[in-house]
Every structure is written in structure tokens, then in C-alpha cells.
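Here is my input; please provide its structure:
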Amino acid sequence: QLQLVESGGGLVHSGGSLRLSCAVSGFTLDDYGIGWFRQAPGKEREGVACISPSDGMTHYLDDAKGRFTISADKNKNTVLLEMTSLKSEDAGVYYCAAERRRAGCVRVVYTYDHWGQGTQVTVSS
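Numbering: from 1, shown residues only. Now for the predicted structure:
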């Protein structure tokens with residue numbers, strides 16, 4: 001059974017850092033694109049970053065470029081999202097998701113079939 005489990009969320013001051021982890025099981029990372037998405041109250045879910053573990057391709061939301069880094073550890077079946085210089089606008093529930101594809105990735109919500117339960121990120125000013 002394919003599963004994704006997020007962890008690492010919490011409360012951080014503006015300008016601080018957090019590292020989110022997505023532990024996956026039931027599938028091979030090389031066969032999927034993995035995305036990190038977030039949703040703030042009253043807003044649509046948006047793709048923050050994605051990675052194709054098979055070829056290393058990554059894509060980021062413009063506002064996340066230079067501050068967030070997505071990486072995949074295929075030995076540990078884990079995808080990380082390291083976030084720095086956090087702003088209040090980064091707050092929300094962060095989800096990781098998997099889309100079956102052999103190369104590349106996209107940050108489009110509806111293309112992803114499998115989702116984790118989410119982890120809350122709160123940024124205090």
C-alpha cells in the first residue's frame with residue numbers, strides 16, 4: 001500500500017528555518033514525482049516544490065526559490081523540504097504527494113494521486 005507520512009512541522013519565528021520530511025512506503029521513488037504543497041486557511045492548495053528522484057529534476061514556486069530546497073534520499077525512502085528565511089506567508093498545512101511518472105515533475109495539484117496527511121507550519125512575526 002502506497003503511503004506518505006509528513007513530519008517536521010511546527011512553530012517558528014519569522015526568518016527561521018524548518019526541515020520537513022516525507023517518508024514514503026509501498027512504491028519506488030524512481031517511478032514517481034514527489035511534490036510538496038501547502039494550503040493556508042481560505043486559500044487554494046499550491047505547489048511549493050517538486051522533485052523527480054529518477055533524474056534529479058526540481059521545480060520551485062518563484063517565492064520559494066533560494067529559500068527552499070527539496071531533496072530525495074532513495075536509500076531512506078524520504079523526501080525532504082528544507083525551508084529557510086521563513087515568512088508569515090509560508091504558514092499553512094504542508095502536504096507531500098506522489099505522481100506516477102518516470103521523469104520530471106510538475107507542481108500541479110490535480111496530477112497527484114497520493115497524498116500524505118499534512119503537517120502544520122506556523123510562522124510567528
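
SS state for residue 16?
With DSSP: H, G, I helix; E, B strand; the rest coil as the basis, residue 16 sits in coil.

Pull the contacting residues for the residue lying closest to it once chain neighbours are set aside.
Nearest residue to residue 16, sequence neighbours excluded (Cβ to Cβ, 6 or more residues apart in numbering): residue 86, at 5.4 Å. Using the backbone N, CA and C atoms, a C-beta is placed for each residue, glycine as well. Residue 86 makes contact with 12, 14, 15, 16, 17, 18, 67, 121, 123, according to Cβ atoms under 8 Å, 6 or more residues apart in numbering.

Apply 10 Å and report the result again.
Neighbouring residues of residue 86 by Cβ atoms under 10 Å, 6 or more residues apart in numbering: 12-18, 67-68, 121-124.

State the pair within the residues you listed that is farthest apart.
Farthest-apart pair in the contacts of residue 86 is 68 and 124; separation 18.8 Å (Cβ to Cβ).

who's more crowded, these two?
residue 68 (22 against 11; other Cβ atoms under 10 Å).

separation between the residue nearest to residue 16 and residue 67?
In this view, residue 86 and residue 67 are 8 Å apart by Cβ to Cβ, to the nearest Å.

what touches both of the two?
Here residue 86 and residue 67 have residue 17 as joint contacts, going by Cβ under 10 Å, 6+ apart.

Run through the bridge partners of the residue most central in space within the chain.
With distances taken as Cα atoms, centre = their mean, the residue of the chain nearest its centroid is residue 36 (2.1 Å). Assessed by DSSP bridges, residue 36 has beta-bridge partners residue 49, residue 96.

Name the SS class of residue 30, please.
Of the three states, residue 30 takes helix under three-state DSSP.

The residue nearest to residue 45 when sequence neighbours are not counted and residue 91: what is the separation?
The shortest distance from residue 45 to any residue other than its chain neighbours is 4.2 Å, reached at residue 39 (Cβ to Cβ, 6+ apart). To residue 91, residue 39 is 10 Å away according to Cβ to Cβ.
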